[in-house]
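Engineer: pasting the sequence and the predicted coordinates here, then a few questions.
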Amino acid sequence: MTATTYEKIKELESTGLSVSDISRLSGVPQPTVWRIANRKHANPLENTVQKIDRLYRQNNCGKAVIPLRDGFY
């Protein structure tokens, strides 16, 4: 299942990035990131979706973390 842009932003935020950080790193204007993160923007432009997706993939979000041994990663 593919994560929505909203879900990707929320996962990026869970890594400690703020909306401003996501904006700066992705190149998407901060108000746009905020609107998506707060479900005020239902259909972002494809270019916006691609930029958020690129940042999401660069941060290895959406991948399961598998413990190596004894609960350590």
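Structural biologist: Received it, and whenever you're ready, just let me know what you need. Numbers count the residues shown, from 1 in each chain.

Engineer: number of nearby residues for residue 23?
Structural biologist: 20 (other CB atoms under 10 Å). All C-beta atoms are positioned from the backbone trio N, CA, C, and that covers glycine.

Engineer: got a list of what the residue nearest to it when sequence neighbours are not counted touches?
Structural biologist: Nearest-residue entry for residue 23: residue 30, 3.9 Å, with adjacent residues in sequence omitted and distances by CB to CB, 6 or more residues apart in numbering. Going by CB atoms under 8 Å, 6 or more residues apart in numbering, residue 30 touches 19-20, 23.

Engineer: same deal with residue 4?
Structural biologist: Residue 4 neighbours (CB under 8 Å, 6+ apart): none.

Engineer: let's see 10 Å
Structural biologist: Taking CB atoms under 10 Å, 6 or more residues apart in numbering, we find residue 4 in contact with 10, 36, 49, 52.

Engineer: farthest pair in these?
Structural biologist: Among those, the pair separated by the greatest distance (CB to CB) is 10 and 49, at 14.8 Å.

Engineer: and residue 2, helix, strand or coil?
Structural biologist: coil (DSSP: H, G, I helix; E, B strand; the rest coil).

Engineer: wait, it touches residue 57, no?
Structural biologist: No: counting by CB atoms under 10 Å, residue 57 is not a contact partner of residue 2; they are 11.9 Å apart.

Engineer: buried stuff in the longest helix belonging to the chain?
Structural biologist: If you go by DSSP state H, the chain has its longest helix at helix 46-58. Neighbour-count burial for helix 46-58 flags 48-49, 51-53, 55-56 (criterion: 16 or more other CB atoms under 10 Å).

Engineer: and the residues you listed as JSON lines, adding distance to residue 41 and pLDDT?
Structural biologist: Below are these laid out as JSON lines (distance: CB to CB, whole Å; pLDDT from 0 to 100):
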{"residue": "48", "distance to residue 41": "9", "pLDDT": "96"}
{"residue": "49", "distance to residue 41": "11", "pLDDT": "96"}
{"residue": "51", "distance to residue 41": "14", "pLDDT": "96"}
{"residue": "52", "distance to residue 41": "12", "pLDDT": "95"}
{"residue": "53", "distance to residue 41": "16", "pLDDT": "94"}
{"residue": "55", "distance to residue 41": "17", "pLDDT": "94"}
{"residue": "56", "distance to residue 41": "17", "pLDDT": "93"}
